[in-house]
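Asks: coords please:
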Amino acid sequence: MRGCVATQLLAVPDGVALAGRIAEAAFKLHCATEYISTERTHTMADELRILLDRLMRVAQQHPAWAARVLAVWAGCETIGATVVPIVRGIHRDFCSDQIIVDAEHIYLIDFDLYCWGDVGVDIGNFNIRVYRMLSLARHISLSTEMTERQHLTERLIAVCETELCRLR
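Replies: Residues are numbered from 1 along each chain as shown. Below is the predicted model of the structure:
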């Protein structure tokens, strides 16, 4: 298969146009449920169960943070309860690293997690990874404006540098 991983192409000036093509590919995938069969499902309850397990480990490893971590969990549970799912066949690991792009085609790869689930899982996975760099870079500026965050500035710059190297 020819092409480049989408991660490398989204960081260039034409990245916005590519993001539109990727959105079309996601839509086509979510509409193709009659052509791709699966018995597996992944629901918001599954997402919340996984999150709870991970947050409980953090709370156990860092007892001083336990109350705060549990409060975060409670907020996530409340948000999760408000989601009205649009259930279709989903990739479940839909991110730019799982997309190969050539001049004419977009190829979605690695369907090992494919299942019935909320299309929001795919779109959320893609968006969070694409916008992660922009959000981190924004926090460089924010960290210099708040005294209590200034100790984070250099680490944020280093994380952004590492992320940019990965995108190239």
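Asks: residues contacting the most centrally placed residue in the chain?
Replies: Geometric centre of the chain, nearest residue: Asn125, 2.6 Å, by CA atoms, centre = their mean. Listed by CB atoms under 8 Å, 6 or more residues apart in numbering, the contact set of Asn125 reads Arg92, Asp93, Phe94, Cys95. For the C-beta atoms, the positions are set from N, CA and C on the backbone; glycine is no exception.
Asks: Looking at the residue lying farthest from the centre of the chain now. What's its pLDDT?
Replies: Relative to the centre of the chain, and counting by CA atoms, centre = their mean, the farthest-placed residue is Thr147 at 30.1 Å. Predicted confidence (pLDDT) for Thr147: 92.
Asks: And for Met1?
Replies: At Met1 the predicted local distance difference test score is 77.
Asks: And for Ser135?
Replies: pLDDT, read off for Ser135, is 81.
Asks: Which element, helix or strand, includes it?
Replies: Secondary structure here is read from DSSP states H and E; on that basis Ser135 sits in helix 119-145.
Asks: Not counting its own residues, what contacts stretch 5-21?
Replies: The set of residues that contact stretch 5-21 without belonging to it, under CB under 8 Å, 6+ apart, is 22, 96-97, 99-101, 106, 129-130, 133, 164, 166-168.
Asks: between the residues you listed, which has the most around it?
Replies: Neighbour tally across the contacts of stretch 5-21 (other CB atoms under 10 Å): the maximum, 26 neighbours, falls on Ile99.
Asks: Report the contact partners of that residue.
Replies: Ile99 makes contact with Val5, Ala6, Ile22, Ala25, Ile106, Tyr107, Leu108, Ile109, according to CB under 8 Å, 6+ apart.
Asks: residues near the second one, how many?
Replies: Ala6 sits with 25 neighbouring residues when counted by other CB under 10 Å.
Asks: could you measure it against Ser143, distance?
Replies: According to CB to CB, to the nearest Å, Ala6 stands 30 Å off from Ser143.
Asks: still on that earlier bit, what about the contacts of Ile99, which are in helices?
Replies: Helix and strand membership here follows DSSP state H; of those, those in helices are Ala6, Ile22, Ala25.
Asks: tell me the least confident of those residues?
Replies: Going through the ones in helices among the contacts of Ile99 one by one, the lowest pLDDT turns up at Ala6, 93.
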